[in-house]
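A.B. asks: Give me a model of this one.
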Amino acid sequence: MNNIDEFRSADFGKYLLASKVVAAGKEKFMVHWTRKFFEYRLSHPQIIWSDLLPLYIKELDSTGSYKDWQIRQADQAVRLYFSNFLMSISSKILHGATSTVNNHTPQKVALQNFQEALRLRNYALRTERTYLNWVVQYFSFCKTRNPSLSENSPCSADLVRDFLAYLVMTKNVSASTQNLAFNSILMFFRLVFNQDLGDLKNTVRARTGQKLPIVLSVDETKKLLESVKGTTGLMLKIIYGGGLRVNECCSLRIKDIDFDQSLITIRDGKGGKDRTTLLPASLTGELRSHIAKVLTLHDKDLAEGCGAVWLPHALDRKYPNAPTQKAWQYLFPSANRSIDPRSNIIRRHHVSDSTLQRAVKVAIKKAGIHKHASVHSLRHSFATHLLLNGVDLRQIQEFLGHSKVETTMIYTHVVKNMRNPVASPFDLL
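C.D. replies: As a prediction, this is how the structure comes out:
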């Protein structure tokens with residue numbers, strides 16, 4: 001395809017109109033940018049399109065005639081043409097030549113099989129729901145492309161590229177959201193149909209950029225924590241004092257608290273990793289009093305026949321008495337008992353993280369803090385304040401549970417603005 005005449009502009013335009021990948025009215029711009037790429041390609045006939053695209057974008061940028069959003073649109077247009085439009089044609093040809101029995105599995109059965117496969121691999125319930133939700137959204141997108149589709153229609157991977165492009169160009173999702181959608185659908189086709197989606201590196205991708213975390217000053221943190229009382233306040237103090245993620249704090253068990261060494265053990269954290277972090281010594285008295293109340297509540301549950309807590313990885317079969325032992329009880333149990341969605345057993349789960357999220361929103365407003373902060377901001381503040389106090393970056397990395405020190409280094413960009421800030425020239429006038 002080295003000739004400008006081989007650019008299938010009419011077919012590409014029809015594809016854009018039918019696919020609904022781009023917002024209505026933007027189709028002509030996509031065709032325009034792709035046509036310009038083919039004109040540029042005449043001077044570089046031997047270079048494959050994926051290697052030529054960066055040069056084309058650089059050429060557009062060097063002219064100074066186009067804005068950033070136009071250059072980004074040009075990049076998306078070319079990727080749509082080669083990774084979506086041409087690949088859709090190839091997929092139709094291939095699909096017409098070969099068809100597997102698995103592709104005729106009804107959607108409901110496919111979703112059930114996907115759910116079972118995720119549970120066999122011990123995925124968290126929240127991850128399971130997120131993955132299933134993205135697959136349902138993918139099915140819905142496919143139906144908009146072809147209204148005649150129903151739940152008994154074949155599950156096809158042909159439209160995955162279009163769905164990922166649709167998320168970026170129509171829904172304007174972030175890079176992390178697009179990656180989550182892709183991973184969900186990738187896992188679905190691998191586990192249910194034993195089908196790999198192939199190379200998608202050249203598809204339209206959401207923009208990525210380095211964003212600084214929202215960090216509270218020491219004074220703001222103090223005001224925030226003073227605005228929240230009771231168990232919720234204790235949880236926020238632990239999150240800030242040890243740099244915990246919100247779900248890590250909610251799922252703590254009594255055995256994870258080491259008063260003698262002032263340490264908190266995080267079990268099965270992000271990535272399935274265990275680690276230890278700091279337990280503020282000033283919280284010892286408040287935490288001991290809280291544990292006494294939790295154990296009283298546990299004794300009441302035992303008396304009513306509902307004191308067996310959920311254990312991961314079939315530990316309840318390995319240690320039959322562990323679910324009722326005090327050490328395994330959640331440090332922050334829910335106020336009400338509920339039905340386990342997997343086993344249908346009535347038991348007391350840990351408190352929901354939404355409780356903390358709501359409390360922090362109220363506390364931020366009450367404390368007069370005008371930042372878009374959340375519970376996770378306390379974790380960011382923990383790391384930043386340790387850096388301000390001269391704690392080694394590697395040690396902070398271990399406390400946070402980061403796999404790479406590069407992830408932790410983001411806080412060095414924040415702390416430089418908090419430590420001896422440079423005076424504005426305006427203040428020197």
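A.B. asks: Name the residues of the helix or strand harbouring residue 357 that are buried.
C.D. replies: Assigned by DSSP states H and E, residue 357 belongs to helix 353-367. Buried residues in helix 353-367, counted by 16 or more other Cβ atoms under 10 Å: 353, 355-356, 359-360, 363-364, 367. Just so you know, the C-beta spots here come from the backbone N, C-alpha and C atoms, and that holds for glycine as well.
A.B. asks: Out of these, flag the one nearest to residue 17.
C.D. replies: Distance to residue 17 across the buried residues of helix 353-367 (Cβ to Cβ) is lowest for residue 353, with 43.3 Å.
A.B. asks: which residues does the closest residue to residue 381 other than its chain neighbours contact?
C.D. replies: The shortest distance from residue 381 to any non-neighbouring residue, by Cβ to Cβ, 6 or more residues apart in numbering, is to residue 216 (4.7 Å). By Cβ atoms under 8 Å, 6 or more residues apart in numbering, the contact list for residue 216 reads 224, 369, 371, 373, 377-378, 381.
A.B. asks: one more time with 10 Å, if that's ok
C.D. replies: Residue 216 makes contact with 222-225, 240, 364, 367, 369, 371, 373, 377-378, 380-381, 384-385 under the criterion Cβ atoms under 10 Å, 6 or more residues apart in numbering.
A.B. asks: next one: residue 265
C.D. replies: Contacts of residue 265 by Cβ under 10 Å, 6+ apart are 252-253, 255-258, 274-277, 279.
A.B. asks: any chance of the buried residues of helix 353-367 in TSV, plus pLDDT and distance to residue 172?
C.D. replies: Output for the buried residues of helix 353-367, formatted as TSV (pLDDT from 0 to 100; distance: Cβ to Cβ, whole Å):
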residue	pLDDT	distance to residue 172
353	90	27
355	89	31
356	93	29
359	92	31
360	94	27
363	93	31
364	94	27
367	91	33
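A.B. asks: which of the contacts of residue 216 count as buried?
C.D. replies: Taking 16+ other Cβ under 10 Å as the criterion, what is buried in those is 223-225, 240, 364, 367, 369, 373, 377-378, 380-381, 384-385.
A.B. asks: from those residues, which is closest to residue 44?
C.D. replies: residue 380 (45.8 Å).
A.B. asks: hang on, isn't that closest one packed against residue 414?
C.D. replies: Yes: counting by Cβ atoms under 10 Å, residue 380 touches residue 414, with 7.6 Å between them.
A.B. asks: Show me the common contact partners of these two, please.
C.D. replies: Residues touching both residue 380 and residue 414 (Cβ under 10 Å, 6+ apart): 212-215.
A.B. asks: ok, and the most crowded of those residues?
C.D. replies: residue 215 (23 neighbours; other Cβ atoms under 10 Å).
A.B. asks: Who are the contact partners of residue 83?
C.D. replies: Residue 83 makes contact with 49-50, 161-162, 164-165, 199-204, according to Cβ under 10 Å, 6+ apart.
A.B. asks: try residue 413
C.D. replies: Neighbouring residues of residue 413 by Cβ under 10 Å, 6+ apart: 210, 212-213, 384.
A.B. asks: Please narrow these to those residing in helices.
C.D. replies: residue 384 (DSSP state H).
A.B. asks: For the contacts of residue 413, name the two members farthest from one another.
C.D. replies: Most distant of those, by Cβ to Cβ, are 210 and 384, 16.0 Å apart.
A.B. asks: My read is that residue 250 contacts residue 236, right?
C.D. replies: No: with contact defined as Cβ under 10 Å, residue 250 does not reach residue 236; the gap is 11.7 Å.
A.B. asks: Identify the contacts common to those two.
C.D. replies: Contacts common to residue 250 and residue 236, judged by Cβ under 10 Å, 6+ apart, are residue 356.
A.B. asks: Which parts of the stretch 51-200 of the chain are helices?
C.D. replies: Ranges of helices in the stretch 51-200 of the chain, per DSSP state H, counting those that start in this stretch, are 68-79, 87-97, 107-120, 125-145, 160-169, 175-193.
A.B. asks: where are the low-confidence patches of the stretch 251-400 of the chain?
C.D. replies: Across the stretch 251-400 of the chain, nothing is flagged by pLDDT under 70.
A.B. asks: let's see it at 90
C.D. replies: Within the stretch 251-400 of the chain, the ranges that satisfy pLDDT under 90 run 268-273, 304-307, 311-320, 336-347, 355.
A.B. asks: can you pull the contacts of the residue nearest to residue 383 when sequence neighbours are not counted?
C.D. replies: Excluding the flanking residues, the one nearest residue 383 by Cβ to Cβ, 6+ apart is residue 411, at 4.7 Å. By Cβ under 10 Å, 6+ apart, the contact set of residue 411 is 212-213, 215, 380-388, 393, 396, 400.
A.B. asks: 7 Å instead?
C.D. replies: Applying Cβ atoms under 7 Å, 6 or more residues apart in numbering, one finds that residue 411 lies in contact with 383-384, 387.
A.B. asks: Quick check: which element contains it?
C.D. replies: Assigned by DSSP H and E, residue 411 falls in helix 410-418.
A.B. asks: ranges for the strands of the chain?
C.D. replies: Applying DSSP state E to the chain gives strands spanning 257-258, 263-266, 275-278, 338-339, 346-347.
A.B. asks: Of all those strands, which one comes closest to residue 54?
C.D. replies: Closest among the strands of the chain, using Cβ to Cβ: strand 275-278, at 40.0 Å.
A.B. asks: What is the burial count for residue 291?
C.D. replies: 16.
A.B. asks: Then residue 315?
C.D. replies: Neighbours of residue 315 (other Cβ under 10 Å): 13.
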